[in-house]
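Chemist: With the sequence up front, the predicted model follows.
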Amino acid sequence: MDEILSAIRVLPIRDRLKLVERVLHDINESHRAGEPRRDPRAVIGSFADIADVMEQIAASALADRERSEH
């Protein structure tokens, strides 16, 4: 996971935000489809049972994206 994070950190902010949005979308779709949860040790997976936190992360990512576009 550290290698993935290092690779993500070199991306421009806009691309990182797009990636976060895609990951959140994937998690949401998987959850709706009844797929088993991801590894709970994963960063995003650790918030799987805390819907409010996931909503806050998504809202923060979208707000940052909007700020970076202006």
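Modeler: Arrived safely, thanks for sending.

Chemist: So for stretch 7-16, first residue to last residue, what's the gap.
Modeler: Stretch 7-16 has its terminal residues 10 Å apart, counting by Cα to Cα, to the nearest Å.

Chemist: mean confidence score for it?
Modeler: Across stretch 7-16, pLDDT averages out at 89.

Chemist: ok, and what's touching that stretch?
Modeler: Outside stretch 7-16, the residues that touch it by Cβ atoms under 8 Å, 6 or more residues apart in numbering are 19, 64-65, 68-69. The way it works is simple: take the backbone N, C-alpha and C, and place the C-beta from them, glycine included.

Chemist: mind redoing it with 6 Å?
Modeler: S68 (Cβ atoms under 6 Å, 6 or more residues apart in numbering).

Chemist: what's the following helix or strand after the helix or strand containing D15?
Modeler: D15 is part of helix 13-32 when elements are defined by DSSP states H and E. Next helix or strand after helix 13-32 toward the C-terminus (DSSP H and E): helix 51-69.

Chemist: okay, the angle between that following helix and helix 13-32?
Modeler: Counting by axes from the mean of the first three to the mean of the last three Cα atoms, to 10 degrees, helix 51-69 lies at 150 degrees to helix 13-32.

Chemist: Output helix 51-69 as CSV, restricted to C-alpha atoms.
Modeler: Provided in CSV are the C-alpha atoms of helix 51-69 (Å, rounded to 0.1, in the frame of the first residue of the first chain):
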residue,chain,number,x,y,z
ALA,A,51,-20.9,6.2,6.1
ASP,A,52,-20.6,9.7,7.5
VAL,A,53,-16.8,9.6,7.2
MET,A,54,-17.0,8.4,3.6
GLU,A,55,-19.4,11.2,2.8
GLN,A,56,-17.1,13.8,4.4
ILE,A,57,-14.1,12.4,2.4
ALA,A,58,-16.1,12.6,-0.8
ALA,A,59,-17.4,16.1,-0.1
SER,A,60,-13.9,17.3,0.8
ALA,A,61,-12.5,15.8,-2.4
LEU,A,62,-15.1,17.5,-4.5
ALA,A,63,-14.6,20.8,-2.8
ASP,A,64,-10.9,20.6,-3.3
ARG,A,65,-11.4,19.8,-7.0
GLU,A,66,-13.7,22.7,-7.4
ARG,A,67,-11.2,25.1,-5.8
SER,A,68,-8.4,23.8,-8.0
GLU,A,69,-10.4,24.3,-11.1
